[in-house]
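**Student:** Quick one: sequence plus predicted model below, questions after.
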Amino acid sequence: SNAIRPQTIISATGCLQVAVQVLTDTAIDNGKDSEAFRKDLMNIARTTLSSKILNQHKEHFAELAVNAVLRLKGNTDLELIQIIKKTGGSLEDSYLDEGFLLEKEIGHNQPKRIENARIMVANTPMDTDKIKVFGSKVKVDSTAKVAEIELAEKKQNEAES
C-alpha cells in the first residue's frame, strides 16, 4: 500500500554515499589533542543534554559525563559507568565519585570510623539473618530434626545480636 519505488531507493542510496563521503572528508580526529578532544566531548554532551529538564544544569551534567567517559581511558564499555539515583537534594548535588559507593548503615555498637580497613566487596548481604550458604547439604531423617536445626540457628542468631 505504501510501496517505495525502486528509483527512490536508488536515489536515496546515492545520497547516502555522498553524505558519508562529505562527513568523512570534513571529519577532524582530535584523539591526539586532549584539550580539543575534551572540547569535542563537551559539545557532544551539551547537545545530548539539551532538554527542558536539564537545560539549566546542562553544563554541570556535561562536565560529569565527560569526566566519567575520560576516566575509562579509551575503554568503550559504558557499562563501567554506574549511575546511582538518590532521593532528596537538587540536581546540582550530583557528583562523580571514583571507586565504589557502598551503601550500608552502621550496625548497632559498631565503630563509626576504622583506620587502615580492609574492604571486601560481596554480592550478598552480610547480615547474619540473611546469609545464604550455597552448596551446603544437611541430611536429616525426620521433620523433627529440621525443626531442631532451625531452632538452633535461631538461638545462634539471637545470641549474636
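**Tutor:** Everything's here; your move. Everything numeric in this text was worked out from a predicted model, so none of it was measured.
**Student:** N30 touches A36, doesn't it?
**Tutor:** Yes - judged on CB atoms under 8 Å, N30 makes contact with A36 at a distance of 3.9 Å. For glycine as for every other residue, the C-beta is placed from the backbone atoms N, C-alpha and C.
**Student:** tell me the secondary structure for the spatially most central residue of the chain?
**Tutor:** Averaging the C-alpha coordinates of the chain gives a centre point, and the residue nearest to it by CA atoms, centre = their mean is Q82 (1.6 Å). Per DSSP: H, G, I helix; E, B strand; the rest coil, the local secondary structure of Q82 is coil.
**Student:** Phi, psi for it please.
**Tutor:** Geometry field for Q82 lists phi and psi as phi -110, psi 140, criterion degrees, to the nearest 10.
**Student:** And I53, by the same measure?
**Tutor:** With angles defined as degrees, to the nearest 10, I53 sits at phi -70, psi -50.
**Student:** For it, give me the pLDDT.
**Tutor:** What the model reports as pLDDT for I53 is 78.
**Student:** What's the local residue count around V66?
**Tutor:** V66 has 21 neighbouring residues, counting by other CB atoms under 10 Å.
**Student:** Quick one: low-confidence residue ranges for this structure.
**Tutor:** Within the chain, the set of residues satisfying pLDDT under 70 comprises 1-2, 4-10, 100-103, 122-137, 161.
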